[in-house]
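> Structure for this input, please:
(4 chains)
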2 protein chains.
Amino acid sequence: MRISARTQYALGAMLALAAADGPLHAEQIAVSQDIPRRFCDNILLQLRRAGLIQSQRGPDGGYWLARPAAEIALADVIRVTEGMEPVSRPLPKAAAPLAGIWAELRAHQDRLLGETTLADLVTH
Amino acid sequence: MRISARTQYALGAMLALAAADGPLHAEQIAVSQDIPRRFCDNILLQLRRAGLIQSQRGPDGGYWLARPAAEIALADVIRVTEGMEPVSRPLPKAAAPLAGIWAELRAHQDRLLGETTLADLVTH
DNA sequence: GCCTTTCTCTACTTTATAAGTAGGGATAAT
DNA sequence: ATTATCCCTACTTATAAAGTAGAGAAAGGC
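Numbers count the residues shown, from 1 in each chain, chains lettered A, B, ... in the order given. You can find the predicted model right below:
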């Protein structure tokens, strides 16, 4: 499956925000999810730029979800942190018959991750 | 999805062997599958050690499948080249609710790759 | 026995990606 | 003004993937 630490962290942060009542500080998220402090900033920035969360600066600042948790799929988060996959190198010739298999795996994955929302995983 | 070049190459080599009548040289496999020559050796060695293929040295040497193509699943090959996944680092806390999702993805993947054999993909 | 062809093995180098860090700048509240 | 917070670019370090090198061993033909 291979899932990067960055993505795990991002999902953890999003789930933390989904479970919280109001805004959370980067500090709170980092501590509660065991994310290295500066790396957490880094990831939150990326999530904000992607439009998944919103933020406010200064004291009383913090982060919160841009949309209801029920409207944010895991795939939305993963798409951001994993980025667009690098244009596949010219595939080995015999990869051709395998293309169908990869496509099917990808399809199932997209379906599951596209249908599961943050709300589905938050235990209130 | 993330699939290494090594694994793509290994699957290509195995499919080439499955499609061939008799033994093939590393050279033939490397050329037909666009695998860097020495890297191909490297991979074939790994496949032989794993018991998926057999070999013979000297002139008239070459490689062939250790079992019928219909009895070698893609998962058998992938397991070899991807190796055992490194003991997962202490997962981020919030990863907990995600475990079920990862497990389901993995299960589907294992099923599909475990059921599809080389014979299913060779176009005679 | 010698020569050629092929696989066998260990170890190394290079390249790419992920993971994490640093240092300062901008904004909002008090 | 001061403080707490997010914002931003760029850098460093760690890890893994990709690929290479060089010598050794078996098998067959002569």
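
> So residue A:50 sits against residue A:78, correct?
No. Counting by Cβ atoms under 8 Å, residue A:50 stays clear of residue A:78, with 11.0 Å between them. For glycine as for every other residue, the C-beta is placed from the backbone atoms N, C-alpha and C.

> which residues touch stretch A:18-33?
A:9, A:12-13, A:16-17, A:35-37, A:40-41, A:44, A:56, A:61-65, A:69, A:72, A:118-119, A:121-124, B:92-94 (Cβ atoms under 8 Å, 6 or more residues apart in numbering or on different chains).

> any idea which element the most centrally placed residue in chain A lies in?
Nearest to the geometric centre of chain A sits residue A:77, at 2.6 Å (Cα atoms, centre = their mean). Assigned by DSSP states H and E, residue A:77 falls within helix A:74-82.

> picking up where we left off before, which ones among the contacts of stretch A:18-33 come in contact with DNA strand C?
Contacts with DNA strand C are made by A:36-37, A:41, A:56, A:61 out of the contacts of stretch A:18-33, judged by Cβ under 7 Å from any atom of the strand.

> Now do the contacts for the residue nearest to the centre of chain A.
Counted by Cβ under 8 Å, 6+ apart, residue A:77 has contacts A:7, A:10-11, A:14, A:47, A:52.

> want to throw the residues you listed into JSON lines with distance to residue A:30?
Converted to JSON lines, these look like this (distance: Cβ to Cβ, whole Å):
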{"residue": "A:7", "distance to residue A:30": "16"}
{"residue": "A:10", "distance to residue A:30": "12"}
{"residue": "A:11", "distance to residue A:30": "15"}
{"residue": "A:14", "distance to residue A:30": "14"}
{"residue": "A:47", "distance to residue A:30": "14"}
{"residue": "A:52", "distance to residue A:30": "17"}
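
> Which one of those is nearest to chain B?
residue A:11 (6.0 Å; Cβ to the nearest Cβ).

> Neighbours of that closest one, how many?
Neighbours of residue A:11 under the rule other Cβ atoms under 10 Å in any protein chain shown: 24.

> Contact distance from DNA strand C - what residues of chain A qualify?
A:4-6, A:36-39, A:41-42, A:56-61, A:82, A:86.

> quick one: which of the residues you listed sit in strands?
Among the residues of chain A next to DNA strand C, the members falling in strands (DSSP state E) are residue A:56.
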